[in-house]
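[1] Predicted model follows, preceded by the sequence.
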Amino acid sequence: MPDSTDRYALTLMSPAQAHKEITHNTALLRVDGLLHPNVLGVGATTPPATPNPGEAWIVGSGATDAWAQHPDEIALFQAGGWTFLQPQAGCIVWNRADGAHLVYDGSRWRSDAWPMRKVEIAGKTVVSGRQAGINMPSAGAVIDSEARSVLLQLLGALRAHGLIES
């Protein structure tokens with residue numbers, strides 16, 4: 001039997017183990033850090049001098065002191081010391097410093113892209129996969145320059161947002 005779980009290294013109890021409460025409590029502390037995780041910042045390289053219990057950061061590369069050798073991990077201060085949580089692909093964290101979510105893509109934390117297939121509001125799809133391109137207006141019997149200008153702006157915005165092909 002393994003000593004810990006595969007994804008988040010939660011310590012498992014073994015048969016006839018003495019002091020099972022220590023193993024159980026260690027696992028609960030890790031779960032506490034992973035359940036709806038939030039961090040005070042991203043990329044910090046030096047642990048704060050006086051962190052409060054339950055505060056967490058995403059460790060930057062080149063970190064020092066207790067955070068050395070833990071880049072991209074969640075450093076969680078609890079029970080008087082640091083617990084390091086290795087994120088798995090798809091892990092989502094709330095960054096309190098920016099007021100935005102971060103997603104771990106398996107190799108780095110990202111705030112610039114939110115991977116999803118579609119966006120629904122009140123059960124209706126408002127954004128989904130990219131659609132085919134739309135030709136720019138040209139010619140025609142009557143040319144309304146104001147209408148054409150608006151159409152060009154709309155098409156430009158749709159392309160800039162990646163909603164239609166160029």
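    Alright, I've got the coordinates.

[2] Where does the residue lying farthest from the centre of the chain sit: helix, strand or coil?
    Using CA atoms, centre = their mean, the residue of the chain lying farthest from its centre is Ala141. It sits 51.9 Å away. Put simply, Ala141 is coil when judged by DSSP: H, G, I helix; E, B strand; the rest coil.

[3] how near is the most centrally placed residue in the chain to Gln88?
    Residue closest to the mean C-alpha point of the chain, counted by CA atoms, centre = their mean, is Val103 at 1.7 Å. Val103 sits 11 Å away from Gln88, going by CB to CB, to the nearest Å. In this view, the C-beta of every residue, glycine as well, is placed from N, C-alpha and C.

[4] Next, give phi and psi for Leu29.
    The phi/psi pair for Leu29 (degrees, to the nearest 10) reads phi -60, psi -40.

[5] The nearest residue to it once chain neighbours are set aside: neighbour count?
    Once flanking residues are discounted, Leu29 sits nearest to Gln78: 5.5 Å by CB to CB, 6 or more residues apart in numbering. Residues near Gln78, counting by other CB atoms under 10 Å, number 17.

[6] How about Ala49?
    Neighbours of Ala49 (other CB under 10 Å): 5.

[7] go on, Ala75?
    Neighbour number of Ala75 under other CB under 10 Å is 23.

[8] What is the subsequent helix or strand relative to the host helix or strand of it?
    Secondary structure here is read from DSSP states H and E; on that basis Ala75 sits in strand 74-78. Later in the chain than strand 74-78, the nearest helix or strand by DSSP H and E is strand 81-85.

[9] Which SSE is immediately downstream of that next one?
    strand 92-95.

[10] which strands and helices sit next to the helix or strand just after that following strand?
    Next helix or strand after strand 92-95 toward the C-terminus (DSSP H and E): strand 100-104. The contact analysis (3 or more CB pairs under 8 Å, 6 or more residues apart in numbering; DSSP states H and E) places strand 100-104 against strand 92-95, strand 109-110.

[11] so where do the strands sit in this protein?
    38-39, 42-44, 56-59, 74-78, 81-85, 92-95, 100-104, 109-110, 119-121, 124-127 (DSSP state E).

[12] so which of those strands is the most packed in?
    Sort the strands of the chain by mean neighbour count, taking mean count of other CB atoms under 10 Å, and strand 56-59 sits at the top with a mean of 24.
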